[in-house]
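> Give me the fold of what follows.
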Amino acid sequence: MDIVDTHCHVVSADLARYPRAPLGGKQSGWATTRPVTADGMAERMNEAGITQSVLVQATTAYGYDNSYVLDSRARRPDRFLAVGTVDPLRPDAAEHLAAVTGDGGLSGVRLFTSGSTVPVQGEWFAAPETYPFWERAGELGVTVCLQMRLGPATPQLVALLERFPSVRVLLDHLGYPEITDSPADAGAAVAELAVHPGLHLKLTHRNLEPLRDAGKEAAAFLDPVLASFGAQRIAWGSNLPAAEQSLPELVALARQVLAEVPEPEQREIFAGTARRLYPGLPG
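The predicted model follows:
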């Protein structure tokens, strides 16, 4: 099966050429204890049978400096695309987005509003000052990965999707729904968002592990999410090396959880959706 990894991170061992500059001034634990270089990622992809990967900026290592993902993509355009982190609040955000995307540049961008080093969910991603950025993203057809936690900031996300319906938003880790507490309630909350046609979901180990642990109850989450979004709006990502497992183990985890999903839909989740979101991926 064709497999594209839409979410992995690379960190260089060359600190002089690629100095660390994490957002908030603090590196994530995985970036310091188990970093993977681009060459190392390609080796792991070979082991896991992954054709291409989307290198998502390691924001907790490099902040807004996207040099390493861009250089890695330039060295291996047959294996990698680059998604970088940008600041939509900067006064020239729209012009900056146009400048850094396109031929030889970023194939998508990421807004990091919550994470291991940013525990408080930010709502700045939907501030009026960001509107020029979102409008330009729609014009350019750039996929915007959004790392956020559904909950108090969900109304801001909905307002944004209503204001800019043409923008493709790829929600990292499905927005961290509380699957462990109640697969059915979490599935219903995510499914409600499917009315926004630009919203896509990135399925990672953050979701797959609790779904595996839920056993048969996992269907109470997966069924409504698949029925509402369709597999054509869901893409798999490994989250390596933030995820502690090996890449073959992460692929096996996804196959295990999705085993009852019809194969045509699995093909969409493992590669089809990614190739539509990132048309620059080599076929």
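> pLDDT weak spots in the protein?
116-119, 283 (pLDDT under 70).
> Nearest the geometric middle of it, what residue?
Central residue of the chain (C-alpha atoms, centre = their mean): Asp172, 4.2 Å from the mean position.
> Who does the residue nearest to that one when sequence neighbours are not counted form a beta bridge with?
Spatial nearest neighbour of Asp172, chain neighbours left out: Gln147 (4.1 Å); criterion: C-beta to C-beta, 6 or more residues apart in numbering. The C-beta positions use only the backbone N, C-alpha and C, and glycine is treated the same way. Note on Gln147: beta-bridge partners Phe112, judged by DSSP bridges.
> where's Gln147 relative to Pro224, distance?
Distance of Gln147 to Pro224, computed by C-beta to C-beta, to the nearest Å: 23 Å.
> now Leu146
Distance from Leu146 to Pro224, by C-beta to C-beta: 21 Å.
> Repeat that for Ala189.
Separation of Ala189 from Pro224 (C-beta to C-beta) stands at 10 Å.
> again, but for Arg17
47 Å.
> who's more crowded, those two?
Using other C-beta atoms under 10 Å, the more surrounded residue of Arg17 and Pro224 is Pro224, with 20 against 10.
> Residues in contact with the helix or strand harbouring the more buried one: which ones?
Following DSSP states H and E, one finds Pro224 within helix 219-229. If you take C-beta atoms under 8 Å, 6 or more residues apart in numbering as the criterion, helix 219-229 is touched by 174, 177, 179, 183-184, 186-188, 190-192, 194, 199-201, 211, 214, 234, 257-258, 260-261, 265.
> again, but for stretch 152-163
Under C-beta under 8 Å, 6+ apart, the answer for stretch 152-163 is 113, 121-123, 125-126, 131, 134, 146, 148, 150, 167, 169, 175, 193, 196, 198-199.
> For that stretch, what is the distance to the chain centroid?
How far stretch 152-163 lies from its chain's middle: 18 Å, per C-alpha atoms, centre = their mean, to the nearest Å.
> before we move on, what about stretch 126-135?
On C-alpha atoms, centre = their mean, the centre of stretch 126-135 falls 20 Å from the chain's centre.
> now stretch 103-111
Distance, centroid of stretch 103-111 to centroid of chain: 12 Å (C-alpha atoms, centre = their mean).
> What of stretch 200-207?
Stretch 200-207 has its C-alpha centroid displaced from the chain centroid by 8 Å (C-alpha atoms, centre = their mean).
> on that earlier part again, just checking, the residue nearest to Asp172 touches Tyr176?
No: counting by C-beta atoms under 8 Å, Gln147 stays clear of Tyr176, with 9.1 Å between them.
> For these two, work out which one has more neighbours and name it.
Neighbours per residue (other C-beta under 10 Å) separate Gln147 from Tyr176, with Gln147 holding more: 23 against 20.
> Would you mind stating the distance between the more buried one and Ala259?
Applying C-beta to C-beta to Gln147 and Ala259 gives a distance of 28 Å.
> Looks to me like Glu162 is in a strand.
No: secondary structure of Glu162 (DSSP: H, G, I helix; E, B strand; the rest coil): helix, not part of a strand.
> what's the neighbour count on it?
Glu162 has 10 neighbouring residues, counting by other C-beta under 10 Å.
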